[in-house]
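Asker: Sequence plus predicted model, see below.
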Amino acid sequence: MTAAPVTGMAPRLLRGAGADVSLAEHRRMHGDLPDIAPEWLLRAVDDSGLTGRGGAGFPAARKLRSIAGRKNSLIIANGAEGEPASAKDVFLMRRLPHLVLDGLQVVADAVGSNEVYLAVASNPARHRLDLAIAERNAAGVDRVRVRVLPVPDVFLAGEESALVNAVEGRASLPRSTPPRVFEKGAFGRPTLVQNVETLAHIALIARHGAAWFREVGSVEDPGSMLVSISGAVARPGIAEVARGSSIEQIIAAAGGLRHAVQAVLVGGYHGTWLTPTTMDFRPGAGVVVALPTDVCGLVETARVVAYLADQSAQQCGPCLNGLPALASVLGEIARGRSGGRAIGPQVRRATELAALVERRGACHHPDGSVRFIRSALSMFETEIDLHAHGRCSATDRRPFLPTPGVGGAR
Amino acid sequence: MSTYVEIDWIACDGRGICSELAPEVIELDEWGYPIIPAAAVPAELEKTVRRAVKACPTLALRLATRSG
């Protein structure tokens, strides 16, 4: 994974990210953390307009304030990154671990927490963080000791209640809500879960303030974000772009297209298929995959849904029954008309199943999966027509989107 | 204030007793899991629904009272 050059803005998070950044280099580049009052930091994050970079986009300051000053709170930095097409969090933890660890200390001070975990699924990231934490301990820069928490490399490991379970030593599975984790999280204590990129932004806001943060991005959606760009682009990798960037600008940050594109998947496997010219979209956790015209969007969607079904925590009836049923019917659509059978009923069945799954689970897995499926059924409508007539526009049959454990991927 | 049925999906095993006791409000899907209406429980059925909620063997159902 390479860092693509940043377009349209000077790198912030990705400053110096061409190589692994040591603590000494990090301090030279960014300076030491200033001594700041908790309320100053909370207000700065509030004024900055920073939203969570893990996908849900919840205002970071509101999360911090939900546990600030409460006794016995704990913090979980979320570096689980279970989304197969996302790589920015692991990139950040490997290249720039000290930004994340700075952010974690600043947040621990601001909310008054003495117990801090950093959840990671990637082994290389874990080893890099262990080294970085050792460097910091030797230099005596941290108040709170950070405990690296290995979590399984599965889609739902980063779901916040699954992280709470992991801290408690239980299986990384989502829990029922209520209670929300800030009310009653790990060991019944108020728990703050914050994505690692969000923490890295906070490390910079602590140094430069809210007005600086807002110099990039739009008024409603300020700052920068990391994006994981893959598929039919010239330079797949990680880029830093201004919030509010268009899909075309994000693709330009990866060197532009290297092949004609029929659709772009934005927001990962709980996200949506869009056309590259769509302006109104939610970037989620910054996953952008450009699907070239020679790959079948229906075949890809069916395999991803099989993956999503496989990744169900199997705890809630509608999800554990509905997602495999959806995977199966989408598979039939992907294979197309066979033996003279029309596929119209399958499309109707997929729509019906989607409604039966939506909002009927403890976590957002069914909802996100349904969002992805619905967008595919509308984006690839023309392809569905082709399949109904026993044809398919794809010329390249190799699996395209990564679906670990399900089918082969390039 | 109105009364709503809420469900803990992890606790629900799809035994179907709720639907047996309050078929007017709770139907089962094709896998046997309850379809919980988003709308408030009609006042005249509240007693029936309360009985269904209490009878859930996995304690997956609860009644919530909230406005509109």
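Answerer: That came in fine, so what should we check first?
Asker: Just want the most central residue of chain A.
Answerer: What sits nearest the mean C-alpha location of chain A, by Cα atoms, centre = their mean, is A:A285, with 3.6 Å.
Asker: Any figure for the gap between that residue and A:P97?
Answerer: 19 Å (Cβ to Cβ, to the nearest Å). C-beta here means a position set from N, CA and C on the backbone, and glycine is covered the same way.
Asker: B:G14 now?
Answerer: 45 Å.
Asker: A:P34 now?
Answerer: Counting by Cβ to Cβ, the gap from A:P34 to A:P97 is 20 Å.
Asker: more crowded one of those two?
Answerer: When A:P34 and A:P97 are compared for neighbours, A:P97 comes out ahead with 28 against 12, by other Cβ atoms under 10 Å in any protein chain shown.
Asker: and the residue nearest to that one when sequence neighbours are not counted, what helix or strand is that in?
Answerer: Leaving aside its sequence neighbours, A:P97 sits nearest to A:A132 (Cβ to Cβ, 6 or more residues apart in numbering or on different chains; 3.8 Å). Following DSSP states H and E, one finds A:A132 within helix A:123-139.
Asker: which parts of that helix are buried?
Answerer: A:125-126, A:128-129, A:132-133, A:135-136 (16 or more other Cβ atoms under 10 Å in any protein chain shown).
Asker: just checking, next helix/strand downstream of that helix?
Answerer: Immediately after helix A:123-139, counting by DSSP H and E, sits strand A:146-150.
Asker: pLDDT at the closest residue to A:A210 other than its chain neighbours, what is it?
Answerer: Spatially, and ignoring its direct neighbours in sequence, A:A210 is nearest to A:D47 (3.6 Å; Cβ to Cβ, 6+ apart). With respect to pLDDT, A:D47 scores 98.
Asker: And A:A342, by the same measure?
Answerer: A:A342 is given a pLDDT of 73.
Asker: Quick check: the gap between it and A:V266.
Answerer: 32 Å.
Asker: What pLDDT is listed against A:G8?
Answerer: Looking at A:G8, the pLDDT reads 62.
Asker: In space, what's closest to the residue nearest to the centre of chain A - neighbours in sequence excluded?
Answerer: Among residues not flanking A:A285 along the chain, A:G55 sits closest, at 3.9 Å (Cβ to Cβ, 6+ apart).
Asker: need the residues of chain B near chain A, please.
Answerer: Residues of chain B found near chain A (Cβ under 8 Å from any Cβ of the partner chain) are B:8-14, B:29-33.
Asker: Select only the buried ones of those residues in PyMOL?
Answerer: To isolate the buried members of the residues of chain B next to chain A in PyMOL, using 16+ other Cβ under 10 Å:
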select buried, chain B and resi 8+9+10+11+12+14+29+33
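Asker: From the residues of chain B next to chain A, pick the one nearest A:A388.
Answerer: Relative to A:A388, the closest of those is B:E30; by Cβ to Cβ it sits at 25.1 Å.
Asker: did I read that right, the closest one in a helix?
Answerer: No - B:E30: not assigned to a helix; according to DSSP: H, G, I helix; E, B strand; the rest coil it is coil.
Asker: Read off the pLDDT value for it.
Answerer: pLDDT at B:E30 comes out at 97.
Asker: cool, B:R66 as well?
Answerer: Listed pLDDT for B:R66 reads 88.
Asker: Contacts only, for it.
Answerer: Contact analysis of B:R66 by Cβ atoms under 8 Å, 6 or more residues apart in numbering or on different chains lists B:1-2, B:4.
Asker: repeat that with 10 Å
Answerer: Neighbour list for B:R66: B:1-4, B:6, B:40 [criterion: Cβ atoms under 10 Å, 6 or more residues apart in numbering or on different chains].
Asker: Tabulate these (JSON lines), appending secondary structure.
Answerer: Output for the contacts of B:R66, formatted as JSON lines (three-state DSSP):
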{"residue": "B:M1", "secondary structure": "coil"}
{"residue": "B:S2", "secondary structure": "strand"}
{"residue": "B:T3", "secondary structure": "strand"}
{"residue": "B:Y4", "secondary structure": "strand"}
{"residue": "B:E6", "secondary structure": "strand"}
{"residue": "B:A40", "secondary structure": "coil"}
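Asker: quick one: which of the residues you listed is nearest A:T191?
Answerer: For those, the nearest to A:T191 is B:E6 (22.7 Å; Cβ to Cβ).
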